[in-house]
Every structure is written in C-alpha cells, then in structure tokens.
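**Q** Need a 3D model of the sequence below.
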Amino acid sequence: MRDLWTSLRLWLVTVAVCCLAFPAFLWLFAHAVAPENAGGSLIRDARGVVIGSRRIAQGFSRPEYFWPRPSATGYDAAASGGSNLSPTDPRLAGRASSILSALDVDEPVPADLVASSGSGLDPDVTERAARIQAPRVAAARGLAVTAVQARIDAIARHAGGVPAGERIVNVLELNLSLDAVAEAAR
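**A** Coordinates of the predicted model:
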C-alpha cells in the first residue's frame, strides 16, 4: 500500500509540473518577451475589431486585392495541411492552369502563386509574386501601377529579418494598406 501512495504522489507532482506549472511559465514568458506574437499577431481595424492575423492567410479573390498562395484547406486554420496531390495529378495541374489564366500574364509566374504551402495557410507571397499582380490590382482600383508598387516596397521584408534571399510580402497587410489609401482618397 505504501508503494501505491508513493506512486500517486509522484504522479500528482508530475501532473502539477508538466500540466500546470510549465505551461503557465511558457505562457507568461511568451507574453513578457513577445506579447504580439503570443497573442496571435492579430490585426485590428480602427474600432479594435479583429480582422485577421499576420500569421494566417486569408482568401482574397476579387481583382482589386492581391491574392495569397492557394490553400489546400480553403484557408481554414482549423484544418491546416497540404493537398498531398502528386505532381502528376491532373487536379493539381488544373488548379494551376485556372490560376494562371486568372492572372493573365505573359511572363513566368513564381511557384508561390500556383502551389500551396505545406500548411495551406502561408500569409506571405514573394515580392516577385506581388509585383506580377500589381498591374491587375492597380487597374481594378484605378491607381497607377507605381503607386501600388510603392505599397509593395513599403511592406516587403526579408523572411526572419535576415537580409538574404528574396523578400516576402504579407498579403493581408498589403491589401489593408491599399484599402487605407483608397479610404484616404475619399
């Protein structure tokens, strides 16, 4: 019977440390060191209403908006995952063909415009992918292409903050930036 009580006490201590104390410590540490990231990197409108996250892609399909990478999950954060389609699967080729025809460009298109990411929720596109979409967005918004490209320049950053490789653009932030320009022009 004594071994049973010893085992029970050991189990309770383990549960208290692993299930209560350690997660609480991590939560407090994350909120102290990086409060915005720990809070979900939420983007709020002027009234404080959450309209998205910097970390999770949203589906934009209207011509006046930049389009994110395709999502195998329909941009559902609860169903994160890739498509698992083989490169030879006709459905993959069909999706890519429909995206290419919607883009209607005469130059090679970066892979991130036609291929989904592993999670299906990547919020960024490469700077090149954004620049290819700039003429379409500018025409739909009645803006000069240079004005749209200036917004891309303002938002583009190096992944992970390391100044190497191609820069990336957060699609939600870019679209919100263009909406703010349109709102200011009214």
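**Q** Would you tell me what the next helix or strand after the helix or strand of the chain with the lowest mean pLDDT is?
**A** When each helix and strand of the chain is scored by mean pLDDT, DSSP states H and E, helix 35-38 comes last, with a mean of 69. Going down the chain from helix 35-38, the next helix or strand is strand 42-44, by DSSP states H and E.
**Q** Could you list the low-confidence segments of this protein?
**A** In the predicted model of the chain, residues 37-39, 185-186 satisfy pLDDT under 70.
**Q** Tell me which stretches of it form strands.
**A** Counting by DSSP state E, the segments of the chain that form strands are 42-44, 50-53, 124-126, 157-158, 167-170.
**Q** Report how many residues lie close to residue 42.
**A** The criterion is other C-beta atoms under 10 Å. On that basis, residue 42 has 13 neighbouring residues. The C-beta positions use only the backbone N, C-alpha and C, and glycine is treated the same way.
**Q** got a list of what it touches?
**A** Applying C-beta atoms under 8 Å, 6 or more residues apart in numbering, one finds that residue 42 lies in contact with 50, 52-54.
**Q** Would you mind measuring from the residue most central in space within the chain to residue 62?
**A** The centre of the chain sits closest to residue 123, judged by C-alpha atoms, centre = their mean, with a distance of 1.5 Å. In this structure, residue 123 lies at 18 Å from residue 62, with C-beta to C-beta, to the nearest Å as the measure.
**Q** show me where this structure has helices.
**A** In the chain, the helices defined using DSSP state H lie at 2-15, 22-33, 35-38, 90-103, 127-141, 145-155, 171-185.
**Q** Would you mind finding the most buried of the ones you listed?
**A** Greatest average neighbour count among the helices of the chain goes to helix 127-141 (a mean of 19), per mean count of other C-beta atoms under 10 Å.
**Q** Report all helices and strands that that one contacts.
**A** With contacts defined as 3 or more C-beta pairs under 8 Å, 6 or more residues apart in numbering; DSSP states H and E, the packing partners of helix 127-141 are helix 90-103, helix 145-155, strand 167-170, helix 171-185.
**Q** any chance of the ones you listed in TSV, with distance to residue 26 too?
**A** Conversion of these to TSV gives the following (distance: least, C-beta to C-beta, whole Å):
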stretch	distance to residue 26
helix 90-103	39
helix 145-155	31
strand 167-170	26
helix 171-185	27
